[in-house]
Structures are given as structure tokens and as C-alpha cells.
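Asker: Test case, fold it:
(one chain, ligands or ions: 1)
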Amino acid sequence: MAKTKPAVSRAPATAKAAPAPTVGAGGELHQTAAAPEARITTNHGVPISDDQNALKAGPRGPALLEDFVLREKIQHFDHERIPERIVHARGSAAHGYFELTKSLSRYTRARILTEVGKRTELFTRFSTVAGGAGSVDTPRDVRGFAVKFYTVEGNWDLVGNNIPVFFIQDAIKFPDLIHAVKMEADRGYPQAASAHDTFWDFIGLMPEATHMIMWAMSDRTLPRSLRMMEGFGVNTFRLLNDKDEAHFVKFHWRPKLGTQSTGWDEAVKIAGADPDFHRRDLHEAIASGAFPEWEFGVQVLSQDEADALPFDILDATKLIPEELHPIEVVGRMVLDRNPDNFFAETEQAAFLPTNVPPGIDFSEDPLLQGRLFSYQDTQLSRLGSVNFHQLPINQAKGCPFQNLQRDGHMQMQVPKGRANYEPNSLAEAGEDGGPREDPKGGFRTAPVATDGTKVRLRAESFADHYSQARLFFRSQTAIEQAHLASALVFELSKCSFEHVRARILANLQNVDADLSQRVAAGLNAELPAASTPAAEPFDMDASPALRIVGKSPPSLMGRAVGILVTDGADGRVVAAVRKAAEAEGASVKIVAPRIGGVTLADGKALAADGQLAGTPSVLFDAVALVVSDDGCAQLVNDSAAIDFVHNAFVHLKAIGFTATAQPLLDKAGVAPDDGVVALGGPVAGWVAAARTRQWDREPTVRILA
Ligand code: HDE
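Answerer: Next up is the predicted model:
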């Protein structure tokens, strides 16, 4: 028998709007709607009187089939999931706008690129590639950077990555690449990791991937924040002006916060501490009004300029060094609004490289050509209907969209009249004849001459697989080269096939002798002879633009600072650190042994943003230790506190400390250096150290290849 409990009333979430909830006979909480418009209904609008109990034959009896309220609710729940994206399943997105600052009317008639000052609404989704939708945010992986501009001439989807080149040259190899990198077919692991047999087996046999591998093994694949990533259209597109004159174009995004990365050990630990690290960071930044911003740039080339390059502009494994052909900044993107609903917007967003407004066109890049088919096609199984363009997030919001396509699953529009074909002469009978072609304003393809014999061949001009891999490696700073070599050692150490490791080393010999020697030494392997390249690599002038180190602005803008406090801490030091960090645009979090916060030396309470064990220092760019003698005496016996300090040190972060924190520094193995700064007086020294990583410390805390 159900027990009868006395009725209790609890404060409802919206105290004014709804009356107090009551507890029913079974102890369940009933929240009653105050007004008809607030009441819960079935999907068909029938008001529901009891959403706590299924209809049963007696209180202890079986449920009745008649209960349409129960059936509808459970059935909808059973079908809540849709297939995740085949690649780029894990993603985070935001709304924002694009503003053109310089007209490209010489090259294009696309209004989004010619109307200076006009703001165009957009939706941008960032993603990892290999992991499933529930995987972590910080694996070593390429990041997707997909922007949907709702232009007045239809949607333009610029579906790019945070790396300007790609693994393969021809779309027909894409399923193989993705099968090789994703979890292995028989065992279902590893999740979101390239460090395994099948990936490196494939890569060793695909020398064209070598340039991309340089990028993938660099710190570019460990972004500190989605707000701190560059973006690239990767494929070569065309711009087409009023006279139908065509130019090649490469698209670029440059983050205002600079390009910044974490270290590998840090990324691994972040994955445990906060699997949603990037998603949370983006959401919190936008919610706090710190709107991420990117410059939008183009490299525009005539056919002659493209022909003069020492590589083929149609080959997506090549970039155009900006020292060779500058990037012209012509606009900016600001992300200023979080999605209201993750599923309806971020999950249902469908990006299509085929979405281009008049004035933008494709090149013959064979990778791009395959993409032009794939994205539309994949939505049919992912979103389940040819009408996915009618979902609010995918609609062409900047302009009307209408044609004579009809019906299909989930048709949400109600087309009027009889005109569902054309040509028609219904107008002559006084009826609506429907929409018509616009030969002048409509999309036109660049009138590019083309002829050729049907062949399955790779162009000779695609044969050089190593020159740009070499360019990338040799353009890096010594720190970045060491990270890249170490990443190769790490990944290949997870590859159990000796013959695959040898093949990769043989390929690396064609990139750079020093690199291949360092990797071989890191594997304790013999260095094999170089593999025979399809085309002899050549040396190019170094491109400093390909580095990350030195590219972030000299401030704490967009970074996170953690202050570890205990009871009895000096509140003046906490306030000084907070003020200095916030003045430079950092976000500050107080970390305390208990979530209820601490009582400072002056008796005042200080609230905590995070509890020590759940808020490790990997979540911050710089830390400060403001503790009392007693507090420190306790922390030296707490591994969470020791790890907090130790990891901040080995992850090359600035550590500010009050003299009272010295025992904790000692226990955590912190040796004094320029980044370990006493917080006795002014905190300017700590701020200066916190603006960058302590690269000089690295050789003392890590053995790199
Ligand atoms: Fe994609 N890619 N891709 N890709 N891609 C998809 O489309 C594909 C490629 C990129 O946030 C899929 O809607 C083929 C290059 C991003 O929703 C799929 C080829 C670049 C996203 C697909 C490529 C990208 C995708 C999976 C080789 C950088 C996520 C779900 C010819 C320029 C977009 C979907 C989002 C997603 C196919 C290569 C970027 C399967 C066949 C090169 C950012 O259609």
C-alpha cells in the first residue's frame, strides 16, 4: 500500500508565476500550471492533468495501453537520438555576425563580399574529427571550423578546418582515411585518437599525407580554446565578378586572441578534469560578454599567379605561404550568442560546401569535388529527410527561398497554388505561376575551359609530397620542432607494427634528416634509408607565419587564472591578483579546499568557484597560491594540492605565491625560476610572467625528442 505523506510545500522555481507544488498520495511532486498558456500538454495540445503517474489498473496494477500520455512521452523519448555525424561528430557552436571591412567587388559579385559595413548573421560550429559525439574536447585531432553565413543571396557555408591542408588529394580516399583513424573495426577502440596501428599503417602508405602529419603532430591539434584557433577554407575556391572573370581564392580566419595551444600532457589531463573543456570555455566566454572574434582574410590569385607557383593550387595537401602571397584582411566575425538549444541548432546544423552565393564558385580540386556530393548526401541519413533545409538552423534566413520541389518527409511548408512545374503559363490565366529563373542575378558557374580524356590518374603536378612538409617543419621554432618530434615518438610508440614505424621513418627522411633521426632515437629504432619520393622535394624559404609560438598577444586577454586559497589567506593579495588579471581581460576563479569557500585573515568570507580536487590547475593558464601557514600545512598532505602546483609548474605556467606557500612549492618539486613569482608587494611581475608560457623551464621538466 502506498503510504500517505503529509502535504508539504516547496518554493517553486518561478515563485510568482506558479503556485506552490503539492505532494501527492504517493509522495510525488505536483506542479500546477497557473495559467492555460503555462500548462503542459501532449504533442497534440491536450492538457495533461497528471505527469507523475501512469494510468494503471489500481495503484499497484499494470499500466493500461489506453494511456496515450505515457505512450506518447515514452515513444518520443525512444526516438530522441539521430545518427551522429560520420566525422566531426563532437562539436560546439555559436551564433554571431560577419562584417565586411573591405570590398572585393573587383573579384566577386557576392554581396556578402562587396557590401562594406553590412552585418550578416551566421552560425559557426567547431568540432573534433575522429571521436564520437560524446568524446572529449581535447584529443590530438584536427578541428573543424564551419561557418554558415545567412547571406541575402542564400546561405554560404564555409566548411573548413583549423589546419590549411588535408591528408589526402582525392576524395576517393576519404572513407579509407576515416576508417583508418577511427576506432579499429574489430575492437571498437581507441576512441578519438590517432595513436594506433591502423592510422599509422594507412599514413605510411600514403606519402601525400606527410605535410598534414606535420601539422597534426604540431601543437595546432591541441588548441587551448576554440576562440584561439585559426581557420582555413583548405580547398581552393573561385571568385567570379560581374563580367564572369574568375580568380582563385583561399579563405582564412585569424583569431583576435592569437593562436594558442596546450601541451600534450596538459591536454590529456584536461580530458579527465573537464571533458567539455572547449565547449564550456566557448559558452562561458560568450555568456560573460567576452565575444570571440576573428579576422577574415583572403588570398586571391589570377590564373597566371597560380600557374607561377611551384605547386598545384588544386592540390589540397599544399598551402600558399603568406610570405609568398599575402593574406588580405577584408572582414571580421564575432560570435555573440550561445545557442538556445543544443540539439535543434548545433546538432541539426547541416553544413554544405555546395552552399555558395552567386559570385563564389568551386575549383577543380578533386577533394573539393567529392565534398560537393558528400555533405548533401550524408544529411539524408543523418537528418532523415530531403527537407532538412527547412529546419530553423538551416533555413536561408537572409532571403526568401522558393522553388518547385515538393513534398517529401517532414514537409513543413504549405506551398499554395497549382504551379509545381515550369515552364508554365498559369499567369496568363490569372493564376500564380510560381518563381522564375534569374539569368542575371542567379548563380553562374565560372566559364572555365575544360577538356580531357577520361582517366583515373593523379596529376603529375600533385606528385611532390615532401617539400611543404619540410617547409612546415623548418619554419617552426626549436620548441615547436621538439614538440612535433615528440608527438611523432609518442604516436608511433603506440603503433605495434615495427614495419610501419620503419616505413614512417623512411618517409620522414625525405622531410628532414634531423627530424627523422630524433624520432628514430625516441623509438630506439634503426634509421632506415629514405623512401623513394614520387617527386624530388625542394627547399622553400621558411614561413614564420606557420608558427604558433610568439603569435599570441602580450596580455592575459581570454585566459583563465586560478587562485588557490585557504582559510586565513590574505584577502588583499587575492584582491590584487584578481584586479590585475581582470584588468588584462582574464577570467579569475577561486579554488578552495571546500566549495563553501574560506574565511580570510580579516574574517571576511570568500566564496569559491571550484573545489580543489575537481578544479585542477590544468584548467588555468596561470595560477596564484594565496594560503595561510595553517592552510598550507594541511595542503602539503593533499595530493590534489600538490598536483595543482606540480602540474602548473610542469605545464610551464606562471605561479604566483605568498611566502606562506613555500612548503607547498617544495613538496610539489617547484624550482625557482622567472615564472615562479613571489606575491609580496605589487603583482606586476606575476602578470608579466603569466602572459606567456615559461618555455625556458621546459628542458628541466620534460625530455623531448
Ligand atoms: Fe568533411 N565531411 N569531408 N572535410 N567536414 C563532413 O558532413 C567529407 C573535408 C569538415 O560542423 C560530413 O555533415 C569528404 C575537408 C567539417 O557539421 C561528411 C571529404 C575539410 C565538417 C564529410 C571531406 C572538411 C565536415 C560528416 C573528402 C576541411 C563538420 C557530417 C572529400 C576543409 C561540419 C556532415 C559540421 C563534415 C565528408 C574532407 C571539413 C561525411 C567526403 C578537406 C568542418 O559529409
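Asker: my guess is residue 119 meets residue 112, correct?
Answerer: No - using CB atoms under 8 Å, residue 119 makes no contact with residue 112, being 10.3 Å away. Every C-beta, even on glycine, is put in place using the N, C-alpha and C of the backbone.
Asker: between those two, which one's more packed in?
Answerer: Counted by other CB atoms under 10 Å, residue 119 and residue 112 do not tie: residue 112 has more neighbours, with 24 against 12.
Asker: What distance do you get for that one to residue 233?
Answerer: Using CB to CB, to the nearest Å, we find residue 112 at a distance of 14 Å from residue 233.
Asker: show me what contacts residue 218?
Answerer: Counting by CB atoms under 8 Å, 6 or more residues apart in numbering, residue 218 touches 472, 476, 480, 483, 484, 487, 548.
Asker: what's the nearest residue to the closest residue to the ligand within the stretch 501-650 of the chain if we skip its chain neighbours?
Answerer: Residue nearest to the ligand within the stretch 501-650 of the chain: residue 546 (17.6 Å; CB to the nearest ligand atom). Closest residue to residue 546 apart from its sequence neighbours, by CB to CB, 6 or more residues apart in numbering: residue 475 at 4.4 Å.
Asker: residues contacting that neighbour?
Answerer: Residues in contact with residue 475 (CB under 8 Å, 6+ apart) are 542, 543, 544, 545, 546, 547.
Asker: okay but residue 497 is in contact with residue 202, surely?
Answerer: No - at 11.6 Å, residue 497 does not count as touching residue 202 under the criterion of CB under 8 Å.
Asker: So residue 66, which state does it fall into?
Answerer: Here residue 66 is coil, with the state taken from DSSP: H, G, I helix; E, B strand; the rest coil.
Asker: Report the contact partners of the nearest residue to residue 113 once chain neighbours are set aside.
Answerer: Counting by CB to CB, 6+ apart, residue 104 is the residue found nearest to residue 113 once chain neighbours are left out, at 4.4 Å. Taking CB under 8 Å, 6+ apart as the contact definition, residue 104 lies against 110, 113, 114, 239, 298, 300, 330.
Asker: Now residue 104, what are its backbone angles?
Answerer: For residue 104, the backbone dihedrals (degrees, to the nearest 10) come out as phi -110, psi 30.
Asker: list the contacts for residue 278?
Answerer: Listed by CB under 8 Å, 6+ apart, the contact set of residue 278 reads 92, 126, 137, 138, 223, 225, 226.
Asker: If you could redo that for residue 329, that was the one I meant.
Answerer: 101, 102, 254, 295, 296, 297.
Asker: Enumerate the beta-bridge partners assigned to it.
Answerer: residue 297 (DSSP bridges).
Asker: mind checking the SS state of residue 623?
Answerer: strand.
Asker: Tally up the residues packed near it, please.
Answerer: Residue 623: 28 surrounding residues under other CB under 10 Å.
Asker: quick revisit: out of the contacts of residue 475, which is most surrounded?
Answerer: In the contacts of residue 475, the most neighbours by other CB under 10 Å go to residue 546, 24 neighbours.
Asker: Hmm, that one is touching residue 473, no?
Answerer: No - here residue 546 does not reach residue 473: they are 9.5 Å apart, not a contact under CB under 8 Å.
Asker: Local confidence estimate at the residue of the stretch 51-200 of the chain found nearest the ligand?
Answerer: Of all residues in the stretch 51-200 of the chain, residue 144 sits closest to the ligand, at 2.7 Å by CB to the nearest ligand atom. Listed pLDDT for residue 144 reads 98.
Asker: Could you measure from the nearest residue to residue 390 once chain neighbours are set aside over to residue 392?
Answerer: Nearest residue to residue 390 in three dimensions, chain neighbours excluded: residue 412, at 4.8 Å (CB to CB, 6+ apart). Distance of residue 412 to residue 392, given as CB to CB: 10 Å.
Asker: Kindly reformat the contacts of residue 475 as JSON lines containing secondary structure and pLDDT.
Answerer: Below are the contacts of residue 475 laid out as JSON lines (DSSP: H, G, I helix; E, B strand; the rest coil; pLDDT from 0 to 100):
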{"residue": "542", "secondary structure": "coil", "pLDDT": "97"}
{"residue": "543", "secondary structure": "coil", "pLDDT": "97"}
{"residue": "544", "secondary structure": "helix", "pLDDT": "96"}
{"residue": "545", "secondary structure": "helix", "pLDDT": "96"}
{"residue": "546", "secondary structure": "helix", "pLDDT": "98"}
{"residue": "547", "secondary structure": "coil", "pLDDT": "97"}
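Asker: Any idea how far apart the tips of stretch 608-620 sit?
Answerer: End-to-end distance of stretch 608-620 (CA to CA, to the nearest Å): 15 Å.
Asker: Over to stretch 113-131?
Answerer: 35 Å.
Asker: Stretch 331-346 now?
Answerer: 24 Å.
Asker: try stretch 103-115
Answerer: End-to-end span of stretch 103-115 (CA to CA): 6 Å.
Asker: and it, which residues are buried?
Answerer: Neighbour-count burial for stretch 103-115, counted by 16 or more other CB atoms under 10 Å, picks out 104, 105, 107, 108, 109, 110, 111, 112, 113, 114, 115.
Asker: And the strands in the stretch 251-400 of the chain?
Answerer: Using DSSP state E, counting those that start in this stretch, the strands found in the stretch 251-400 of the chain span residues 293-301, 328-337, 360-362.
Asker: quick one: pLDDT of the residue nearest to residue 546?
Answerer: As predicted, residue 475 sits at a pLDDT of 98.
Asker: Please list the members of the contacts of residue 278 that lie in strands.
Answerer: 92, 126 (DSSP state E).
Asker: Neighbouring strands - and their directions - for the helix or strand of the chain with the lowest mean pLDDT?
Answerer: The helix or strand of the chain with the poorest confidence is strand 22-23; it has a mean of 90 (mean pLDDT, DSSP states H and E). Sheet pairing of strand 22-23 (DSSP bridges) gives strand 29-30 (antiparallel).
Asker: So what touches the partner strand?
Answerer: 10, 21, 22, 23, 24, 50, 52.
Asker: is it true that residue 394 touches residue 350?
Answerer: Yes - when contacts are counted by CB under 8 Å, residue 394 is listed as touching residue 350 (5.2 Å).
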